[in-house]
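Q: below: sequence and its predicted model.
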Amino acid sequence: MQNAMRTRAIGNRQVGAIGLGAMPMSVAGHMPDEEQSIRTILAALDAGITLIDTADAYTPSHEDVGHNERLVSRALARWSGDTGSVLVATKGGHTRTPDGWDVDGRPSYLREACDRSLKALGVDSIGLYQHHRPDPKVPYEETIGALKDLHDAGKIQMAGISNADPAQIRLAHDILGERLVSVQNEYSPRFRSSEPEIDVCEELGLAFLPWSPLGGIGRTGELRERNAAFTEIAQAHGVSPQQVCLAWELARSPVVIPIPGASRPESIVDSARAAALELSAEELARLS
C-alpha cells in the first residue's frame, strides 16, 4: 500500500515526512518475534516510509550488539521495492553493558562502532551515522571530529548527532559543516523541552528527528488519557490520536521528521498516514 507521503530533506536526500523508529523491535520485554518485526519494516516501506532509524545499542542484551541493525538489513533484503530510495540511519556511542547502558565518546571507540555497524548492515557506507549520546568524559569536539574523519574516509555519507543541546549543535555544525545534516532528540506532547533545539536546527538547515514522538514505548495511550484535545481532534478527523500527534509535530517546523517506534505493521501504517493529515491553525493552537 503506497501512501502519498510528503517529503522532507535530510542533507541532500529527500525522505518521507514520517520515518520508522525500529528500536521497539529489539528491546527486551517488548520485542516481537523476528518475522513480525520484518513484516513491520516491510509495511513501513510499502506505506512510503523511506527513513529507518536504528542503532547498534538497540539490542535485547549487551551480548547481541547490532541486533536491530541486522534485523533492518534482513528486512531490506526481502523488500521488492527500490532499496536505493531508503535512508538507513544508525547510531554509535551509546553502549550496552551487563548492568544496562553507558556512553563512550572516544574517537577510537566511534571508529570501532562504525565498522561494526557497517558489517551488521551489510553496506560499504552508512547513509546517516549519528553520535548517539554525549560522553561527559570526552571533549565533545573530539567525538565530533571522529564523525568528520569517518565521513572523509567514505564510511558514512552524512553525519548526525543525538541528545544534543543548542551549544553542542552549534559546535558540531562548526566542526562538520555540511557533513552535519540532522539532530535527534526526544520530543513529544509529554516532553517539549527540545523546542530550543528545533529552532537551532531550523536556523542551520538541519533535520530534527524527534525520538519517542508518541511518548515512548508503552506510553502512546497517554495521548488519550492525558491529552483530551488530541483525542477530540482525532475524532473530528476520523483518525487516531497518534496521527494527530505526529501531524502536530510536522506542523511545528519544516525541519521536523518524526520517527515513531513500531513493532506491529498496523501501528506504522497508521503513523504513516499522519503525513497527509492537515490540522487547522485553531487545532494547532489548541494542541500547543
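A: Perfect, thanks for sending it. No experiment lies behind these values; they were computed from the predicted model shown.
Q: pull stretch 76-87 out as CSV, backbone CA atoms only.
A: C-alpha atoms of stretch 76-87 as CSV (Å, rounded to 0.1, in the frame of the first residue of the first chain):
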residue,chain,number,x,y,z
LEU,A,76,15.6,-4.7,3.3
ALA,A,77,16.9,-7.8,1.6
ARG,A,78,13.3,-9.1,1.4
TRP,A,79,11.7,-5.9,0.1
SER,A,80,10.7,-5.9,-3.6
GLY,A,81,11.0,-2.1,-3.9
ASP,A,82,13.9,0.1,-4.6
THR,A,83,16.2,-0.1,-1.6
GLY,A,84,18.3,2.7,-3.0
SER,A,85,15.5,5.1,-2.1
VAL,A,86,15.7,4.1,1.6
LEU,A,87,17.9,6.0,4.0
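Q: report the mean per-residue pLDDT for it.
A: The pLDDT scores in stretch 76-87 average 97.
Q: what of stretch 148-159?
A: Per-residue pLDDT over stretch 148-159 has a mean of 98.
Q: give me the contact list for it.
A: Around stretch 148-159, the neighbours that count as contacts under C-beta atoms under 8 Å, 6 or more residues apart in numbering are 10-11, 13, 107, 110-111, 114-115, 118, 125-131, 147, 175-176, 179-182. Quick note: C-beta positions are derived from backbone N, CA and C, even for glycine.
Q: pull out the buried residues from those residues.
A: Among those, the ones that count as buried by 16 or more other C-beta atoms under 10 Å are 10-11, 13, 107, 110-111, 114, 118, 126-131, 147, 175-176, 179-182.
Q: so which of those residues belong to strands?
A: Using DSSP state E, the members of these that fall in strands are Ile10, Arg13, Leu128, Tyr129, Gln130, His131, Leu180, Val181, Ser182.
Q: which helix or strand in this structure has the lowest average pLDDT?
A: Lowest by mean pLDDT, DSSP states H and E among the helices and strands of the chain is helix 222-226, with a mean of 66.
Q: after that helix comes which helix or strand?
A: With elements assigned by DSSP states H and E, the helix or strand that comes after helix 222-226 is helix 228-237.
Q: which strands and helices sit next to that following helix?
A: helix 222-226, helix 241-252, helix 281-287 (3 or more C-beta pairs under 8 Å, 6 or more residues apart in numbering; DSSP states H and E).
Q: to Leu214, which of these lies closest?
A: helix 241-252 (5.5 Å; C-beta to C-beta).
Q: give me the residue ranges of the protein where confidence is low.
A: Counting by pLDDT under 70, the ranges of the chain that qualify are 1-4, 28, 217-222, 224-226.
Q: need the longest helix for the protein.
A: Secondary structure of the chain per DSSP state H: the longest helix is helix 107-121.
Q: contact partners of that helix?
A: The contact list for helix 107-121 (C-beta under 8 Å, 6+ apart) reads 56, 65-66, 69-70, 72-73, 88, 90, 92-93, 104, 124-126, 129, 131, 142-143, 145-147, 149-150, 155-156.
Q: so of these, which ones are in helices?
A: Per DSSP H, helices hold the following members of these: Glu69, Arg70, Val72, Ser73, Glu142, Thr143, Gly145, Ala146, Leu147, Asp149, Leu150.
Q: of those residues, which is the most crowded?
A: Within these, most neighbours by other C-beta atoms under 10 Å means Glu69, with 29 neighbours.
Q: doesn't Asp56 make contact with that one?
A: Yes: checked against C-beta atoms under 8 Å, the pair Glu69 and Asp56 is within contact range at 6.2 Å.
Q: now do the shared contacts for the two.
A: The contact lists of Glu69 and Asp56 share Thr90, Ser117, Ala120, where a contact means C-beta under 8 Å, 6+ apart.
Q: dump the ones in strands among the buried ones among the contacts of stretch 148-159 into TSV; add distance to Pro265 as well.
A: Putting these into TSV (distance: C-beta to C-beta, whole Å) gives the following:
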residue	distance to Pro265
Ile10	24
Arg13	25
Leu128	24
Tyr129	28
Gln130	26
His131	31
Leu180	33
Val181	29
Ser182	26
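Q: farthest-separated two in those residues?
A: Farthest pair in those, by C-beta to C-beta: Arg13 and His131, 18.9 Å.
Q: counting neighbours, what do you get for Ser252?
A: Slight slip there: residue 252 is Arg, not Ser. By the criterion of other C-beta under 10 Å, Arg252 has 19 neighbours.
Q: tell me the phi and psi of the spatially closest residue to Ala9 that is not a sequence neighbour?
A: In this structure, Ala9 finds its nearest non-sequential neighbour in Ala207, 6.8 Å apart by C-beta to C-beta, 6 or more residues apart in numbering. Main-chain dihedrals, Ala207, degrees, to the nearest 10: phi -70, psi 140.
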